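Trainee: attaching a predicted model along with its sequence, questions to come.
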Amino acid sequence: MDWRLLVNAIVTGLAIGAVYGLIAVGYTVVFNATRVFNLAQGDLVMVGVLLTFWALNVEHWPQAVAVAVVVVAVPTLAFVEERLVVRPFLRRPGDNIGWFISTLAFGLVLETVVTLLYGNRPPVAVASPLPKSAVHLGPIATTPQLLLALATLVISTVLVEAFYRRTWLGQAMRATADDREVAALRGIEPGRMSMLAFAIGGLLAAVGGYAVAPIVYADVSIGLTYSIKGFIALAVGGFGSIRGAIVGALAIGVAEQVFDVYADPRYEILAGLGLLMVILAVRPTGLFRTAVAREI
Amino acid sequence: MTRVRPGLAVGVVVSAGLALWPLVTSAEQFQLQRLEYVLAGLMVAIGLNIVTGYAGQLSLGPGAIFGVGGYTAALVADRLPTHTGLVVMCAAALVASAVVGLVIGIPALRVGGFYLGMTTLFFALLLPVVVSNMTLTKKERGISLLANVDFHQRLHGLGLYEVSLAVVVVLVVGSWALLESRTGHRFVTLAASEELAASLGVAGYRTKLLAFLWSALPAGLGGAFYVYTQQFISPGSVAPTLSIYLLAACVIGGFGTVLGPYVGGLLVIGLSQYLGRFAQYEGVIFGILLVLFSVTLPEGLVGIDVRARRMPTPWRNAPRLPGMPAGREAVAAAAVTVDAGAADPGLVAQLVTPDAARLRISAVRRAFGGVTAVDGVDLVVEPGTVHGLVGSNGSGKTTLLNLVSGFHVPDGGTIALCDERLDGQAPHRVAAAGVARTFQTPKVLERATLLANVVVGAERPVPGGGFASALRTPRGRDADGEVRRRALRCLQALGLADRAGEAAGTQPHGTRRLLELARALAVNPRVVLLDEPAAGLSAAELQVLRSAIAALAAAGVAVLLVEHNVPLVLEVADHVTVLHEGTVLASGTPRQVVTDRHVADAFLGQAAGPGGTP
């Protein structure tokens, strides 16, 4: 057994996990403000990837313009999603199935529309501003693009955490999640908070989509897979905790890459399943979940 | 006197239309095959409705179980072509779907919430990936029975179509029988509130798993019929979008209604077969329909009928949750003369016949974070007495009730009923030991009738099985009749019998409180925990409550009464305990407590002298 194979698998896994991490953090931001689990999050990332592809490979716009397009368009979509398919359910207390189905449907609509626009072509690589050559850190070889993905996750997380801790809006968002009615009595408009949460979720999807586009190719069918991987990250880490989400996401990335090396890359998806089953058996509420008192 | 039910009429007309259609139009083989595909999809949708519609547990990946059933059936047929017909394929698919149901359900249901939904969706996503790589399942090409020269469809053509339709009809009727049975009542209660279900002795985890298994079997059957009728299965047959379309079928038809998946499935899966060149827009069409329906018409097409009946029009039957006994019909069946309106507490003595049991709470402690809500409380409730528990807001009264009923686990101390330890037991076990309770905010099945709300409780003391109840065996019918009679008499005891057929959701607050009390009577409790039962009651309702509590105690029940209405407590209680900041401030007879120096100090300040009312 070559230990370098394992180390490289772990490093690549961390970078791939960064993609799942961005989705999981996006989930958490939305979940913490609305108690809604946005099943279209993966499809928003997919839209980010495909928009990057369109701006760079089809229109041949400069990188800066591509970034601008993605960063404006994806949060706008998330915003639309909040208004059309989520808000009606937030006003209907006790309904905890409706938004689930409607966000899933929103993702399906996104996927179908993008598929129609993209046409019947195989996924292609998206142009990257970074050099293709490998970076050597001692015995470990990796690419700049993978490091960019990891850096994006770290920076986004730090910013989101700072937003929660340091700003009034961040605190207001957490208060809304805690108790919608009490927050409203304190002068916080819950509707505005959920809009803001979806916008931040959309921004994370946009940034993530742009950063990983060169790695994952312009594949329209990955949205749902991403949504599920993001969920597993939360299940492993524990719902509501940003740190837990990231640990969970990196764990899936690494598990998949290690699985590819030692088992069979064609069945990579089973690595996530294995991780989910183990965590459900050993610690069903996730690694970082804190106990919450129930209201009866 | 038997009114034709609109649902029944719709079901019969749709089924008859489907049965006659190929005869009238002399349909070609390929048209039959298309319809058979729709019928196979309907089987899955009917199953999905059981777990998500009835039991309220979101399952997003019905296509995964359909696929496992289908692939199993196809493999058996392909390997043993000369020995295998429709029956063997169905049997194989049923076994496989039950196994997968357990493999998914056992871990995923441990957490609750939407874990089942996400885990099933994950399976729907990974099944096509796995089968398209496995040599066993012939990879991307899939398994074609047409290519297997040894396999012959013994049942084919019109006969096969009619048999498929018959199976769908049997499943619809079966799902109706399930909903109307004891098992179905447990599902519906669970969907309304897990706490309520647990407080009535329903084991949440096991019941959810049962619902998921009942939903897996029709899905597996659908897989077998798919393979038998289409003679083919491939990774494309089990794409994740299939699961979303099946979900759309149930949402559009109406989750939780018997005919919802039937009607919705025909529309959605049927439409997907006849979209023709619009097939590429399928995702947009169904996605938008799905959002539109779940936003504007959450009860679906079939639910329109329910919605219409909810209007307070006197000539219509009272609205009811599907599966729960309708008011007037049940009242007639129960054959009890109802003295409208007047409460009859004398009935309590006949209805509640407990084995005397003492509830003993010793040194119980419970903290939430840094706040110690209950700090070393000792309390004994003797059978046949009322124990009043008073104290200001936040003194730990409700927490103590939740500790007794098992919703919280004490950090220390013991809670025992006779010699049986209750602390650390799951809520449904505490309930099964004979502890009934009401809630501070009444928990009722909003869409069900008052009678149905009490039936859920009355099923506990009347022996009988879920199968006997669903299959309407003579014994099952007898037991169900007994349950209804008991439920009605509980309502009568509290003066609610004349409203037995009305929907609980339309009732005023006081009625809901008394309804909860009726439900607590129905389980034949040894201990009753009442959480502020007098809050918001009218003078007349208070009188009913007062006599009901007295009757409960007279019947030998141990009553623990948490209440802010101190005059009421002093009047009905034999013993009063005053809680203050999680500890017992005073305990004794009402007289002793009223004159207690500490109580006066805590509630009225130093100035108040002895003899003042706290």
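Mentor: Looks like it came in fine.

Trainee: from here on, contacts and neighbour counts on C-alpha atoms
Mentor: Will do.

Trainee: mind listing what's buried along stretch B:504-521?
Mentor: Using 16 or more other CA atoms under 10 Å in any protein chain shown as the test for burial, stretch B:504-521 gives B:504-505, B:509-521.

Trainee: now, the most widely separated pair of the residues you listed?
Mentor: Within these, B:Gly505 and B:Leu521 form the most distant pair, 20.4 Å apart (CA to CA).

Trainee: per-domain residue ranges of chain B.
Mentor: Here the domain parsing of chain B from automatic domain parsing is B:30-237, B:320-354+B:448-506, B:359-433+B:526-604.

Trainee: how about the shortest one and chain A, touching?
Mentor: No. Domain B:320-354+B:448-506 does not reach chain A (CA under 8 Å from any CA of the partner chain); its nearest approach is 13.8 Å.

Trainee: what's the answer for the longest one, then?
Mentor: Yes. Contact of domain B:30-237 with chain A is found when judged by CA under 8 Å from any CA, involving B:58, B:107-108, B:110-111, B:118, B:121-122, B:125-126, B:129-130, B:133, B:195.

Trainee: measure that domain end to end?
Mentor: Domain B:30-237 has its terminal residues 17 Å apart, counting by CA to CA, to the nearest Å.

Trainee: out of the domains of chain B, flag the one nearest A:Gly272.
Mentor: Closest approach to A:Gly272 among the domains of chain B (CA to CA): domain B:30-237, 9.4 Å.

Trainee: just how off-centre is that closest one within its chain?
Mentor: 21 Å (CA atoms, centre = their mean, to the nearest Å).

Trainee: what about that domain, average pLDDT?
Mentor: The average pLDDT within domain B:30-237 is 94.

Trainee: and if you look at stretch A:63-72?
Mentor: 94.

Trainee: hmm, who's touching that stretch?
Mentor: By CA atoms under 8 Å, 6 or more residues apart in numbering or on different chains, the list of residues contacting stretch A:63-72 from outside reads A:48, A:51-52, A:55-56, A:129, A:203, A:206-207, A:210.

Trainee: ok, now stretch A:264-274?
Mentor: A:229, A:232, A:252, A:255-257, A:259-260, B:126, B:129-130, B:133.

Trainee: as TSV, these with neighbour count and distance to B:Ile415 would be great.
Mentor: Listed next are the contacts of stretch A:264-274 as TSV, based on neighbours: other CA atoms under 10 Å in any protein chain shown; distance: CA to CA, whole Å:
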residue	neighbour count	distance to B:Ile415
A:Lys229	28	44
A:Ile232	30	39
A:Ile252	31	44
A:Ala255	22	46
A:Glu256	27	48
A:Gln257	24	51
A:Phe259	20	50
A:Asp260	17	53
B:Leu126	22	48
B:Val129	21	52
B:Val130	17	51
B:Asn133	15	57
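
Trainee: of those, closest to B:Val557?
Mentor: Proximity of the contacts of stretch A:264-274 to B:Val557 (CA to CA) peaks at A:Ile232, which lies at 48.5 Å.

Trainee: who in chain A is up against chain B?
Mentor: So chain A meets chain B at A:85, A:88-89, A:97-98, A:101-102, A:105-106, A:108-113, A:116, A:225, A:228, A:231, A:266-267, A:269-270, A:277, A:280-281, A:284-285, A:293, A:296 (CA under 8 Å from any CA).

Trainee: please spell out the PyMOL selection for the buried subset of those residues.
Mentor: To isolate the buried subset of the residues of chain A next to chain B in PyMOL, counting by 16+ other CA under 10 Å, use the following:
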select buried, chain A and resi 85+89+97+98+101+102+105+106+108+109+110+111+112+113+225+228+231+267+269+270+277+280+284+285
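
Trainee: among the residues of chain A next to chain B, name the ones in helices.
Mentor: The members of these that map onto helices under DSSP state H are A:88-89, A:98, A:101-102, A:105-106, A:108-113, A:116, A:225, A:228, A:231, A:269-270, A:277, A:280-281.

Trainee: got a list of what the closest residue to A:Pro284 other than its chain neighbours touches?
Mentor: Counting by CA to CA, 6 or more residues apart in numbering or on different chains, A:Pro284 lies nearest to B:Val111, which is 6.0 Å off, once chain neighbours are set aside. When contacts are counted by CA under 8 Å, 6+ apart, B:Val111 touches A:280, A:284-285.

Trainee: residues near the residue in the stretch 501-614 of chain B that chain A sits nearest to, how many?
Mentor: The minimum distance from the stretch 501-614 of chain B to chain A, using CA to the nearest CA, falls at B:Asp531 (10.5 Å). A count of neighbours around B:Asp531, defined by other CA atoms under 10 Å in any protein chain shown, yields 23.

Trainee: select the longest helix from chain B.
Mentor: Chain B, longest helix under DSSP H: helix B:204-230.

Trainee: show me what the helix or strand following it is packed against.
Mentor: Later in the chain than helix B:204-230, the nearest helix or strand by DSSP states H and E is strand B:232-233. On a contact count with 3 or more CA pairs under 8 Å, 6 or more residues apart in numbering or on different chains; DSSP states H and E, strand B:232-233 meets helix B:62-79, strand B:143-144.

Trainee: the first one versus helix B:204-230: what angle between them?
Mentor: What it means is helix B:62-79. 50 degrees (axes from the mean of the first three to the mean of the last three CA atoms, to 10 degrees).

Trainee: check which residues of helix B:62-79 are buried.
Mentor: B:62-78.

Trainee: mind saving the C-alpha coords of the helix or strand following that helix as CSV?
Mentor: Downstream of helix B:62-79, the next assigned helix or strand under DSSP H and E is helix B:86-108. In CSV, the C-alpha atoms belonging to helix B:86-108 read as follows (Å, rounded to 0.1, in the frame of the first residue of the first chain):
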residue,chain,number,x,y,z
LEU,B,86,-46.6,-12.8,-12.4
VAL,B,87,-47.3,-14.4,-8.9
VAL,B,88,-43.7,-15.4,-8.3
MET,B,89,-42.4,-12.0,-9.5
CYS,B,90,-44.8,-10.2,-7.2
ALA,B,91,-43.8,-12.4,-4.2
ALA,B,92,-40.1,-11.7,-4.9
ALA,B,93,-40.7,-8.0,-5.2
LEU,B,94,-42.7,-7.9,-2.0
VAL,B,95,-40.0,-9.6,0.0
ALA,B,96,-37.3,-7.3,-1.5
SER,B,97,-39.3,-4.1,-0.9
ALA,B,98,-40.0,-5.2,2.7
VAL,B,99,-36.2,-5.7,3.2
VAL,B,100,-35.3,-2.4,1.7
GLY,B,101,-38.1,-0.7,3.7
LEU,B,102,-36.4,-2.0,6.9
VAL,B,103,-32.9,-1.1,5.8
ILE,B,104,-34.0,2.5,5.1
GLY,B,105,-36.6,2.9,7.8
ILE,B,106,-34.7,1.5,10.8
PRO,B,107,-31.8,4.0,10.8
ALA,B,108,-33.6,6.9,9.1
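
Trainee: tell me where chain A has helices.
Mentor: Using DSSP H, helices in chain A cover A:3-34, A:41-53, A:63-81, A:87-90, A:98-118, A:144-166, A:168-178, A:180-185, A:190-216, A:223-237, A:242-262, A:269-282.
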